[in-house]
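**Q** Next one to model:
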Amino acid sequence: MTIKVFIVDDHYMVIEGIRSLLQHETAIELVGHAMSADSCISFLRQQQPDVILMDINLAEKSGIELCAEVKKQYPGIFILGLSTFNQQSFIRKMMDNGASGYVLKNVTREELVEGISTIVKGKIYLSHEAARSLRASEESDVPVLTRREQQVLSLIAEGLTNNEVAEKLFISTTTVDTHRKSLLAKLNARNTASLIRIATQLQLI
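**A** Next comes the predicted model:
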């Protein structure tokens, strides 16, 4: 399957740089680019790519705002945040607004390709520098999980239900539910999806 990729960046040199990095990737097809939020939205009304590489620092509307707008209108499109900034606040805002990943503009071709192919599978991808920045800012906030909570978290991340987790670990479903609630509280997550996303960002799974 060819992954259709669209680039949103207000610097033509960046667009050309990404194009040259990806032009020989047979699994990736570049379907166009936009240099503003408005032209991005106009393009999406005509056709939808699989992945948008989205600069977070656009001129008239930030990529963070645009990301939320695109995900609301086209939830099936995966967004990979693109930035020169590796501050954890930018990374977190982009991810909170629906991005599936975040890479810095100095990434290698291998990292960019890996990021694109990872997020189309529904997984989270952070480039090495972005992950390191996020980890460094949150190390003091990383919750300590018990061995059992870690086991339950890993199985939840694999998509197992409470009953299946209980069977696998030879514990009751009530106990699994207790661990699940504890994990939600420790990671400050609203639901299972955000639990897995936060746990991935903190490299707990």
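**Q** Tell me, domain by domain, which residues of the protein belong where.
**A** What the record gives for the chain is the domain set 3-139, 142-201, from automatic domain parsing.
**Q** deepest of the ones you listed, which one?
**A** By mean neighbour count, with neighbours taken as mean count of other CB atoms under 10 Å, domain 3-139 ranks first of the domains of the chain at a mean of 18. Backbone N, C-alpha and C define where each C-beta goes, glycine included.
**Q** hey, where'd the helices end up in this protein?
**A** Secondary structure of the chain by DSSP state H: the helices cover 12-22, 37-46, 63-73, 88-96, 109-119, 128-138, 147-157, 162-169, 173-186, 192-201.
**Q** What angle do helix 162-169 and the longest one make with each other?
**A** What that stands for is helix 173-186. When axes from the mean of the first three to the mean of the last three CA atoms, to 10 degrees is applied, the directions of helix 173-186 and helix 162-169 differ by 100 degrees.
**Q** Could you tell me the model confidence score at the residue positioned nearest the centre of the chain?
**A** The residue lying closest to the centre of the chain (CA atoms, centre = their mean) is Ser100, at 2.0 Å. We have a pLDDT of 95 for Ser100.
**Q** Go ahead and confirm it touches Lys121.
**A** No - contact status for Ser100 versus Lys121: not in contact, 9.5 Å apart, counting by CB atoms under 8 Å.
**Q** mind giving me JSON lines with the helices of the chain and columns for mean pLDDT?
**A** What follows is those, written out as JSON lines (pLDDT from 0 to 100):
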{"stretch": "helix 12-22", "mean pLDDT": "94"}
{"stretch": "helix 37-46", "mean pLDDT": "96"}
{"stretch": "helix 63-73", "mean pLDDT": "94"}
{"stretch": "helix 88-96", "mean pLDDT": "84"}
{"stretch": "helix 109-119", "mean pLDDT": "94"}
{"stretch": "helix 128-138", "mean pLDDT": "71"}
{"stretch": "helix 147-157", "mean pLDDT": "92"}
{"stretch": "helix 162-169", "mean pLDDT": "94"}
{"stretch": "helix 173-186", "mean pLDDT": "91"}
{"stretch": "helix 192-201", "mean pLDDT": "87"}
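**Q** For Met54, find the nearest of the ones you listed.
**A** Ranking the helices of the chain by their distance to Met54 (criterion: CB to CB) puts helix 63-73 first, at 4.7 Å.
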